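**Q** using only what follows, build the 3D model:
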Amino acid sequence: MRLNMKGIRVLFLMLCSTCSSQMLLDPDLPEPRIVITGPTGSGKSSMANALLGCDPASSGCLFEVCHDMDSCTKETTYGTGQWLGQGENFTVVDTPGFGDSDGEDPVLITEMLDVLKDTIQHASTILLVLKGTETRFNDALQDMLTKMTMSFGDQWWAFTVIGVSFWKLDQESIDQREAVCEHYPDNCKNEEWFMREITSQLEEKFHINKNLTFAFIDSYSQAWPDNEDPIQQQHFTEETEVLWKETTARNSTLFFKGIDDVLQENAEMKEKIKWLEDIITKNISALMSRMEENEANDKIQDKSIEHNEDTATTERTLLRLDIINNNETMTKVTGELSEDIGVVNQDLSEVRNDLIPGIGSIIPWIPSPDGQSEMAPGKIPTGWQKCDGSMITSGPLINLRTPDLNGQGLFLRGGDDSIVTTVQEDMVLDHSHKDPGHSHADTGHSHTQTSHNHLPPLWDNGQHNQFIVLNDADYPGSEMYLISTHNGGNTDDQPHWYYSAHQAAYTDIATPAILSAQASISWGQTGVSTIADQFSKGAETRPKNMVVTYIMRIL
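**A** Modelled structure (predicted):
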């Protein structure tokens, strides 16, 4: 059921069969509020249905969709619902398309302005819907944007988001655009290209120096069978999120004016223009009077100018002569300076060759006097390379290696050209030690021994730790027994007899005499096996030295 009220199509509590949006007679419209505008056939109504979560190809959506070139949206309509059918509540407004063949633009603009002022009142975003298949601003689109600017004022561009419709975002279309951009950059027509084209035309035709936000929203990705494609659903979610974030992030809103307000402003503007015209007319009259006075003064000045011109001609002639003379002098001085510079450069080249060692020269180098500088390792002078056995990568010695003096810790010494770079192993000069002869003398010494005896210990009453015992008081005579052991510790003294004196034996005191003598040792070669402790010793023979890094000139 339709009800026309100030040109608004309103449905009494008519619910969309596929979404929770509705049109209200006397609405308390929720925020944010998005007004969709654009030329006829750009897909404004389909965009509004998709933002409410409704299949734009379905007949049950809130906003009527036409499929011909003439706009079927002849009145400003609005509705409320959840964002994408499941988010926060918001208000969406569908405006008529301008520039079709009906010639109704003045009536549609008047109706739209009244609805926006009296009912919608303000908006967070103006969604300008443009077809992604067209980048040229035709006369109808330019006329529509001009009228929008006249109606809303230049400030409406600060609330504008460009909604790009009919921009396919299935994987095949994406791949096709990327392939063309890769192989034929001049024919590349991707998202960046479209934004550049539209921004350029807005700047050229409307002087809009602002980077507007673009949202590539394909409404029919929400219709079967595209609504079953996860790639298209992902891009639809991402692009609508761009629009939602831009809308909800604003700290101000655009308030609408009605046609009466616009006419009133135009009347006031005409009065200002009339006032300015009067001022300009008065100023022009005064200016004309001044011009006449200036003409009279000019005639007087012309005579002075003629005289001054003669004087100026003479002065120019003299100045020209001075310039010619100065040019000749400068040319001469320039030539002399060039010769001097050439001589200096030649002298510098010769001095450089005299001071810098030739290619192949090896010199010691340290990064700092104390060797602890924070200078990065390897910051050696240009044209030099460390003697570490590394490959030479440039210059006349390319593909050769520097001698490994640093890695092997080698000293340098002079030698014949035929043995240059030869590494000579460690060596000690062959030598001998001579001894002229020496002697050893002993003045004599003695050894003294007091008397002593040798007695074996007595038998321990049957213990098994003694085997031979001397016959004593318990065994009269001079025999010695060998004790045999049996079980029980009994002693068998029958089988073995040994005869020995049982008395202790004593030795006499005596002093041996040792004669002194001199040993004669002839000289001979002596080997030295160690070095005295007070001298440094180690695994190599070397003089006292300081470690440096050897570098070799390669350039």
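**Q** so where's the protein uncertain?
**A** 1-27, 67-73, 99-102, 258-266, 351-353, 371-378, 433, 438, 440-442, 444-535 (pLDDT under 70).
**Q** ok, longest helix in it?
**A** For the chain, the helix that runs over the most residues, judged by DSSP state H, is helix 259-355.
**Q** after that helix, next one along is what?
**A** strand 362-365 (DSSP states H and E).
**Q** in that following strand, what counts as buried?
**A** By neighbour count on 16 or more other CB atoms under 10 Å, the buried set for strand 362-365 is Ile362. Using the backbone N, CA and C atoms, a C-beta is placed for each residue, glycine as well.
**Q** who does that strand touch, helix- and strand-wise?
**A** Other elements packing on strand 362-365 under the criterion 3 or more CB pairs under 8 Å, 6 or more residues apart in numbering; DSSP states H and E are strand 549-553.
**Q** what lines up beside the strand it packs on in the sheet?
**A** strand 362-365 (antiparallel), strand 384-386 (antiparallel) (DSSP bridges).
**Q** so what touches whichever strand or helix holds Asp175?
**A** In the assignment (DSSP H and E), Asp175 maps to helix 171-183. The contact list for helix 171-183, computed with CB atoms under 8 Å, 6 or more residues apart in numbering, reads Asn187, Cys188, Lys189, Asn190, Ile231.
**Q** residues contacting the first one?
**A** Read that as Asn187. Neighbours of Asn187 in contact, by CB under 8 Å, 6+ apart: Val180.
**Q** adjust the sequence numbering to begin at 375 for everything that follows.
**A** Let's use 375 as the start, then, which means that last one is Asn561.
**Q** phi, psi for it please.
**A** phi -100, psi 10 (degrees, to the nearest 10).
**Q** again with the fourth one
**A** Asn564 has phi and psi values of phi -100, psi -170 when expressed as degrees, to the nearest 10.
**Q** excluding its backbone neighbours, what's nearest it?
**A** Arg551 (4.9 Å; CB to CB, 6 or more residues apart in numbering).
**Q** how about the third one?
**A** Residue nearest to Lys563 in three dimensions, not counting chain neighbours: Arg551, with 6.6 Å by CB to CB, 6+ apart.
**Q** separation between the one you found and Phe526?
**A** Taking CB to CB, to the nearest Å as the measure, Arg551 and Phe526 are separated by 34 Å.
**Q** which one's more surrounded, those two?
**A** Remark: of Arg551 and Phe526, Phe526 carries more neighbours, 23 against 18, as counted by other CB atoms under 10 Å.
**Q** which ones are touching the more buried one?
**A** The contact partners of Phe526, by CB under 8 Å, 6+ apart, come to Ile500, Leu628, Phe630, Lys631.
**Q** quick one: the helices in the protein?
**A** Under DSSP H, the chain gives helices at 418-425, 479-489, 513-526, 545-557, 565-580, 604-622, 633-729, 779-782.
**Q** make a markdown table from those and add distance to Gln759 to it.
**A** Supplementary listing: these in a markdown table, determined by distance: least, CB to CB, whole Å:
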| stretch | distance to Gln759 |
| --- | --- |
| helix 418-425 | 69 |
| helix 479-489 | 80 |
| helix 513-526 | 69 |
| helix 545-557 | 44 |
| helix 565-580 | 49 |
| helix 604-622 | 56 |
| helix 633-729 | 19 |
| helix 779-782 | 11 |
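**Q** which residues touch Phe785?
**A** By CB under 8 Å, 6+ apart, the neighbours of Phe785 are Arg916, Asn919.
**Q** now with 10 Å, please.
**A** Leu779, Gln798, Arg916, Pro917, Asn919 (CB atoms under 10 Å, 6 or more residues apart in numbering).
**Q** list only buried entries from the residues you listed.
**A** Leu779.
**Q** now the angle from the helix holding Asp549 to helix 604-622?
**A** With axes from the mean of the first three to the mean of the last three CA atoms, to 10 degrees defining the directions, helix 545-557 sits at 80 degrees from helix 604-622.
**Q** just the CA trace of helix 545-557, in CSV.
**A** Extracted in CSV, the C-alpha atoms of helix 545-557 (Å, rounded to 0.1, in the frame of the first residue of the first chain):
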residue,chain,number,x,y,z
GLN,A,545,38.2,-14.5,-7.9
GLU,A,546,38.1,-14.8,-11.7
SER,A,547,37.4,-11.0,-12.2
ILE,A,548,40.1,-10.1,-9.7
ASP,A,549,42.6,-12.4,-11.4
GLN,A,550,41.7,-11.0,-14.8
ARG,A,551,42.3,-7.4,-13.7
GLU,A,552,45.6,-8.3,-12.1
ALA,A,553,46.8,-10.2,-15.2
VAL,A,554,46.0,-7.2,-17.4
CYS,A,555,47.8,-4.8,-15.0
GLU,A,556,50.8,-7.2,-15.0
HIS,A,557,51.1,-7.7,-18.8
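**Q** just the buried positions in that helix, please.
**A** Ile548, Arg551, Cys555.
**Q** again, but for stretch 569-579
**A** For stretch 569-579, by 16+ other CB under 10 Å, it's Met569, Ile572, Thr573, Gln575, Leu576.
**Q** now it, how far from the centre of its chain.
**A** 33 Å (CA atoms, centre = their mean, to the nearest Å).
**Q** who touches it?
**A** Taking CB under 10 Å, 6+ apart as the rule, stretch 569-579 contacts 502, 504, 508-511, 515-516, 519-520, 531, 534, 536, 538, 563, 582-588, 590.
**Q** pull out the buried members of those.
**A** 502, 504, 508, 511, 515, 519, 531, 534, 536, 538, 582, 586-588, 590.
**Q** still on that earlier bit, list the helices and strands the longest helix of the chain packs on?
**A** Contacts defined by 3 or more CB pairs under 10 Å, 6 or more residues apart in numbering; DSSP states H and E place helix 633-729 against helix 479-489, helix 513-526.
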